[in-house]
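K.L.:
Please work out how this folds:
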Amino acid sequence: MERPFAITLTPGSSRANHTGAWRTERPVYVQNLPPCNDACPAGENVQQWLYHAEEGDQEAYQSAWRQIVADNPFPAIMGRVCYRPCETACNRGQLDEAVGINSVERFLGDEAINRGWNLPVAAAPTGKRVLVVGAGPSGLSAAYHLTRLGHSVTIKDAGAEPGGMMRYGIPRYRLPRDILDAEIGRVLDMGVTLELNATVTDLLAELTEGGGTFDAAFVAVGAHIGKRAYIPAGDSARIMDAVSLLHRVEDGSAPMLGRRVAVYGGGNTAMDAARTARRLGAAQAVVVYRRTRDRMPAHDIEVEEALEEGVTMRWLSTVAHAGDGKLVIEKMRLDETGFPRPTGEFEELAADCLVLALGQDADLAVLDGVPGVTFSGGTVDVGADLMTGHQGIFAGGDMVPAERTVTVAIGHGKKAARNIDAWLRGARREPAPRPALAGYGELNTWYYADAPATVRPRLAAARRTGTFDEVTGGLDESTALFEARRCMSCGNCFGCDNCYGACPDNAVIKTGPGGPGDYEIDYDYCKGCGICAAECPCGAIAMVPEEP
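P.N.:
A predicted model of the protein is given here:
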């Protein structure tokens with residue numbers, strides 16, 4: 001076959017002699033799984049959209065954004081609230097610092113909002129109707145993906161505004177509401193029907209088997225119920241849960257907390273409650289936690305920003321009594337297993353209000369009495385396809401056993417949508433084969449120049465506590481582009497030409513201008529020396545045994 005970009009060499013070159021018969025191994029181009037892709041709970045093809053973004057023009061940015069939204073419809077939201085497991089897994093972190101993936105995602109998400117990029121639906125209508133219960137990240141994600149697959153989707157939510165815990169659990173200083181509204185609005189503009197203040201009380205009646213109009217349902221009710229704990233308290237004690245506090249702040253009915261606020265708990269919600277208390281006028285906000293910081297479930301960035309804003313921490317402490325403007329605190333110690341044990345030592349802590357941040361539960365009432373549906377530990381039992389024990393009813397997000405983050409919820413919505421689509425078509429979705437993971441040891445890191453990560457700007461701590469303005473800013477175009485170009489393209493060709501230039505037998509042939517997939521190896525001339533694999537910076541060439 002004629003190769004349009006093939007190079008013809010003159011007689012007398014190394015290609016004049018067929019050296020392929022010498023081989024015991026042959027090089028092959030591989031496409032391995034980048035660790036960032038592997039770690040993303042939303043299943044984004046991170047490396048691919050970074051590759052697009054590296055081109056540095058509007059067409060490239062839009063291509064990168066469209067690659068993101070193939071998996072996740074909310075890049076501007078995720079660029080603010082995701083806890084970045086992709087960056088924790090990034091191979092570059094072992095060289096200097098991890099690529100600022102989340103920063104680039106935010107830049108692309110904001111760029112899409114500013115330029116009005118939309119999400120057209122290309123699929124032909126299937127005639128199937130799906131009910132989504134809950135307008136949080138998981139429900140919205142499912143509705144988005146189902147719509148792109150051609151199904152008609154209606155979301156019903158008991159709240160007055162869409163967004164679920166993104167709106168009522170994440171404060172505005174982390175997620176501005178104009179960003180939230182813009183990305184939700186883009187999904188609704190695709191033709192998704194949203195019904196607010198609409199509590200579903202009889203799910204089976206909504207389905208065709210019960211006389212309704214929906215062919216399948218995805219239930220994704222968020223964890224809006226704060227867990228309670230018995231704490232002896234006087235008549236004057238003011239105690240509330242953190243979930244209610246954050247919800248009331250969002251709907252404009254923020255409570256009066258007083259000047260001294262204690263928050264009992266050690267998760268991200270506890271940090272949000274304490275930081276919110278400071279913004280509501282508390283001169284002192286203290287987090288009381290039974291263990292030490294290294295055992296705190298809150299993410300480090302949440303703890304660090306709380307400390308910057310004047311929130312104090314009482315480690316190894318538990319609340320024994322509340323009332324009369326003070327708390328009685330018992331000191332704890334960790335036993336050999338790390339479990340906190342009481343010491344019998346007490347002290348007082350001034351507090352006008354106690355906020356409980358001890359975890360949240362999802363309201364499972366919508367599935368009560370549905371035949372085949374079972375529950376375990378406050379969650380719904382589902383299969384690998386997220387279907388409950390009742391055919392056609394799927395569940396995800398906070399309702400099923402998983403880490404409770406926006407990223408995980410969005411991933412559940414996508415997974416549920418694809419499995420619902422298969423079920424509606426009378427099929428079963430089979431996951432694609434998993435490629436080998438691209439490890440750090442397979443890279444030739446000498447090829448990559450030192451390039452420390454770019455730090456996102458943050459609002460000065462002194463200016464934060466008097467406002468709900470966004471704390472962490474975004475990168476501008478130049479710094480976002482720099483950050484995208486720090487990607488090492490682990491396990492996948494990025495067109496560097498090293499193999500083409502290094503082959504002593506000219507056995508590497510360019511079949512295109514020099515991008516991924518634009519190289520072939522002519523095994524008639526390759527003697528299997530392995531130089532191409534050794535010189536590949538990203539580990540995209542493997543040496544495999546020659547077949548007999």
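K.L.:
Next, the buried residues of stretch 258-267.
P.N.:
Going by neighbour count (16 or more other CB atoms under 10 Å), the buried part of stretch 258-267 is Gly258, Arg260, Val261, Ala262, Val263, Tyr264, Gly265, Gly266, Gly267. (Each C-beta comes from the backbone N, C-alpha and C, glycine too.)
K.L.:
One more: stretch 274-293?
P.N.:
Buried, per 16+ other CB under 10 Å, within stretch 274-293: 274-280, 282, 284-291.
K.L.:
now what about stretch 185-205, what contacts it?
P.N.:
Stretch 185-205 is contacted by residues 73, 118-121, 131, 133, 135, 140, 143-144, 147-148, 152-162, 206, 210-212, 217, 219, 366-367, 370, 393 when judged by CB atoms under 8 Å, 6 or more residues apart in numbering.
K.L.:
Mind listing what's buried along it?
P.N.:
Quick answer for stretch 185-205 (16+ other CB under 10 Å): Arg186, Val187, Leu188, Met190, Val192, Leu194, Val200, Leu203.
K.L.:
In helices only, show me those.
P.N.:
Arg186, Val187, Leu188, Leu203 (DSSP state H).
K.L.:
quick revisit: buried among the contacts of stretch 185-205? Make that a PyMOL selection.
P.N.:
Of the contacts of stretch 185-205, the buried ones go into a single PyMOL selection, burial set by 16+ other CB under 10 Å:
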select buried, resi 73+131+133+135+140+143+144+147+148+152+153+154+155+156+157+158+159+161+162+206+212+217+219+366+367+370+393
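K.L.:
Give me the subset of the contacts of stretch 185-205 that lies in helices.
P.N.:
Of the contacts of stretch 185-205, the ones assigned to helices by DSSP H are Leu140, Ala143, Tyr144, Thr147, Arg148, Glu206.
K.L.:
Look up the pLDDT of the fifth one for me, please.
P.N.:
Among the per-residue scores, Arg148 holds a pLDDT of 97.
K.L.:
now swap in the second one and tell me
P.N.:
Per-residue confidence (pLDDT) for Ala143: 98.
K.L.:
wouldn't it be in contact with Lys156 here?
P.N.:
No: if you go by CB atoms under 8 Å, Ala143 and Lys156 don't touch, sitting 10.8 Å apart.
K.L.:
Now do the shared contacts for those two.
P.N.:
Common neighbours of Ala143 and Lys156 (CB under 8 Å, 6+ apart) are Val132.
K.L.:
show me what contacts the residue nearest to Ala534 when sequence neighbours are not counted?
P.N.:
Distance criterion CB to CB, 6 or more residues apart in numbering; nearest residue to Ala534, sequence neighbours excluded, is Asn444 at 7.5 Å. Counting by CB under 8 Å, 6+ apart, Asn444 touches Ala534, Glu535, Cys536, Pro537, Cys538, Gly539.
K.L.:
Just the buried ones from those, in ChimeraX syntax?
P.N.:
Buried subset of the contacts of Asn444, written as a ChimeraX selection, criterion 16+ other CB under 10 Å:
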select :535,536,537,538,539
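K.L.:
quick one: which two of the contacts of Asn444 are the most distant?
P.N.:
Within the contacts of Asn444, Ala534 and Cys538 form the most distant pair, 12.6 Å apart (CB to CB).
K.L.:
just checking, what's the longest strand in this protein?
P.N.:
strand 340-350 (DSSP state E).
K.L.:
Contacts for that strand, please.
P.N.:
By CB under 8 Å, 6+ apart, strand 340-350 touches 260, 262, 284, 286, 288, 290-291, 314, 316, 318, 320, 325-335.
K.L.:
Among those, which are located in strands?
P.N.:
Among these, the residues falling in strands (DSSP E) are 260, 262, 284, 286, 288, 314, 318, 320, 326-334.
K.L.:
filter these to the buried ones?
P.N.:
260, 262, 284, 286, 288, 314, 318, 326-332.
K.L.:
I'd like the residues you listed as a markdown table, with distance to Cys493 and pLDDT appended.
P.N.:
Shown next, in a markdown table, are those (distance: CB to CB, whole Å; pLDDT from 0 to 100):
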| residue | distance to Cys493 | pLDDT |
| --- | --- | --- |
| Arg260 | 60 | 96 |
| Ala262 | 56 | 97 |
| Gln284 | 57 | 96 |
| Val286 | 54 | 98 |
| Val288 | 53 | 97 |
| Arg314 | 53 | 96 |
| Thr318 | 56 | 95 |
| Lys326 | 65 | 93 |
| Leu327 | 60 | 95 |
| Val328 | 64 | 95 |
| Ile329 | 59 | 95 |
| Glu330 | 60 | 96 |
| Lys331 | 58 | 96 |
| Met332 | 54 | 95 |
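K.L.:
give me the number of residues near Glu348?
P.N.:
Residues near Glu348, counting by other CB atoms under 10 Å, number 12.
K.L.:
Revised request: answer the last question for Glu547.
P.N.:
Glu547 has 5 nearby residues by other CB under 10 Å.
K.L.:
before we move on, what about Trp446?
P.N.:
Number of residues near Trp446 (other CB under 10 Å) recorded here: 7.
K.L.:
ok, and for the longest strand of the chain, which residues are buried?
P.N.:
Pro340, Leu349.
K.L.:
can you check stretch 111-129 too?
P.N.:
Glu111, Ala112, Ile113, Trp117, Thr126, Lys128, Arg129.
K.L.:
Among those, which one lies nearest to Ala351?
P.N.:
Nearest to Ala351 among these is Ile113, at 41.3 Å by CB to CB.
K.L.:
show me what contacts the closest one?
P.N.:
Ile113 neighbours (CB under 8 Å, 6+ apart): Ala76, Ile179, Ala182, Glu183.
K.L.:
how about those residues in CSV, adding neighbour count and distance to Cys493?
P.N.:
CSV is the format used below for these (neighbours: other CB atoms under 10 Å; distance: CB to CB, whole Å):
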residue, neighbour count, distance to Cys493
Ala76, 26, 30
Ile179, 20, 35
Ala182, 19, 36
Glu183, 23, 33
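K.L.:
quick revisit: only the C-alpha atoms, please, for the longest strand of the chain, written as PDB.
P.N.:
Extracted C-alpha coordinates of strand 340-350, given in PDB (Å, rounded to 0.1, in the frame of the first residue of the first chain):
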ATOM      1  CA  PRO A 340      -9.700   6.700  70.700                       C
ATOM      2  CA  ARG A 341     -10.200   5.800  74.400                       C
ATOM      3  CA  PRO A 342     -11.400   8.100  77.200                       C
ATOM      4  CA  THR A 343      -8.900   9.300  79.700                       C
ATOM      5  CA  GLY A 344     -11.200  10.600  82.400                       C
ATOM      6  CA  GLU A 345      -9.600  14.100  82.100                       C
ATOM      7  CA  PHE A 346     -12.100  16.900  81.500                       C
ATOM      8  CA  GLU A 347     -11.900  20.600  80.800                       C
ATOM      9  CA  GLU A 348     -14.300  23.300  79.700                       C
ATOM     10  CA  LEU A 349     -14.500  25.100  76.300                       C
ATOM     11  CA  ALA A 350     -16.500  28.300  75.900                       C
END
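K.L.:
following that strand, which helix or strand shows up next?
P.N.:
Counting by DSSP states H and E, the element after strand 340-350 in chain order, helix or strand, is strand 353-356.
K.L.:
starting at the chain centroid, how far to the next helix-or-strand element following that following strand?
P.N.:
Once strand 353-356 ends, the next helix or strand along the chain (criterion: DSSP H and E) is strand 360-361. With CA atoms, centre = their mean, to the nearest Å as the basis, the distance from the averaged C-alpha position of strand 360-361 to the chain average is 20 Å.
K.L.:
helices and strands around strand 360-361, which ones?
P.N.:
Contacts defined by 3 or more CB pairs under 8 Å, 6 or more residues apart in numbering; DSSP states H and E place strand 360-361 against strand 225-226.
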